[in-house]
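Student: Model the structure of this input:
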Amino acid sequence: MKRPHQALILNPQSSYVLESGDKMLVMGEVEKMQKLQRLAGWSV
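Tutor: Sure, this is the predicted structure:
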């Protein structure tokens with residue numbers, strides 16, 4: 001996770017709350033990435 005003007009957070013805890021402006025790098029299997037997209041309501 002990367003917030004503007006803050007250090008990079010690797011493997012944030014499950015309690016981490018996303019905020020507007022956060023950037024996330026996610027890697028994984030295609031099927032799991034597609035599930036994350038659906039759950040998060042993201043479009044590519």
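Student: separation between residue 18 and residue 8?
Tutor: Distance, residue 18 to residue 8, by C-beta to C-beta, to the nearest Å: 15 Å. The way it works is simple: take the backbone N, C-alpha and C, and place the C-beta from them, glycine included.
Student: Apologies, that question was intended for residue 26.
Tutor: 14 Å.
Student: now do residue 43
Tutor: The gap separating residue 43 from residue 8 is 25 Å, by C-beta to C-beta.
Student: the more surrounded of the two?
Tutor: Neighbours per residue (other C-beta atoms under 10 Å) separate residue 43 from residue 8, with residue 8 holding more: 9 against 5.
Student: What are the neighbouring residues in contact with the nearest residue to that one once chain neighbours are set aside?
Tutor: With sequence-adjacent residues excluded and distances taken as C-beta to C-beta, 6 or more residues apart in numbering, residue 8 is closest to residue 2, at 5.3 Å. Applying C-beta atoms under 8 Å, 6 or more residues apart in numbering to residue 2 gives the contacts 8-9, 22-25.
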